[in-house]
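Enquirer: Whatever this is, show me its structure:
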Amino acid sequence: MKRAPSSVNRIIDASALLLVVGGLALFAFARSALTGIGNDTRTMPEGVSAVAVADFYVAQSTMAVWVIGVGVVVGIVAAVRHFRSKQV
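Expert: This next block holds a predicted model:
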């Protein structure tokens with residue numbers, strides 16, 4: 001009979017999922033904003049240049065890629081933990 005995953009393994013799985021999904025959502029939002037700036041359909045805040053706003057969203061999309069990467073690494077760690085717990 002197979003052992004059920006422990007609560008620690010489930011928390012690691014959920015963390016990986018949340019990191020990947022959150023990173024994807026953040027990236028999609030930043031990409032949408034950058035597309036709006038490029039198409040000149042996004043209104044810029046008063047007193048802030050379009051370059052500063054674009055730099056903010058570029059940094060946001062870079063951070064999103066890092067969050068996705070961390071989520072993938074956590075997912076790999078979770079898979080290894082699952083594999084090792086099945087062999088014991």
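Enquirer: Can you find which helix in this structure contains the most residues?
Expert: For the chain, the helix with the greatest residue count under DSSP state H is helix 50-87.
Enquirer: distance between it and the chain's centre?
Expert: 5 Å (Cα atoms, centre = their mean, to the nearest Å).
Enquirer: Can you name the residues that contact the residue most central in space within the chain?
Expert: With distances taken as Cα atoms, centre = their mean, the chain has residue 23 as the residue nearest its mean C-alpha position (1.6 Å). Going by Cβ atoms under 8 Å, 6 or more residues apart in numbering, residue 23 touches 64, 65, 66, 67, 68, 69, 70, 71. All C-beta spots, glycine's among them, are computed from the backbone N, C-alpha and C.
Enquirer: how far away is residue 75 from residue 83?
Expert: According to Cβ to Cβ, to the nearest Å, residue 75 and residue 83 sit 13 Å apart.
Enquirer: So the two - more neighbours on which side?
Expert: residue 75 (17 against 9; other Cβ atoms under 10 Å).
Enquirer: The residue lying closest to the more buried one once chain neighbours are set aside: helix or strand, and which one exactly?
Expert: Among residues not flanking residue 75 along the chain, residue 16 sits closest, at 3.8 Å (Cβ to Cβ, 6 or more residues apart in numbering). Secondary structure assigned from DSSP states H and E places residue 16 in helix 7-38.
Enquirer: Just give the number of residues close to residue 86.
Expert: For residue 86, the number of neighbouring residues by other Cβ under 10 Å comes to 10.
Enquirer: roughly how far apart are it and residue 16?
Expert: Residue 86 sits 18 Å away from residue 16, going by Cβ to Cβ.
Enquirer: Kindly report the same for residue 34.
Expert: The value you get for residue 34 to residue 16, if Cβ to Cβ is used, is 27 Å.
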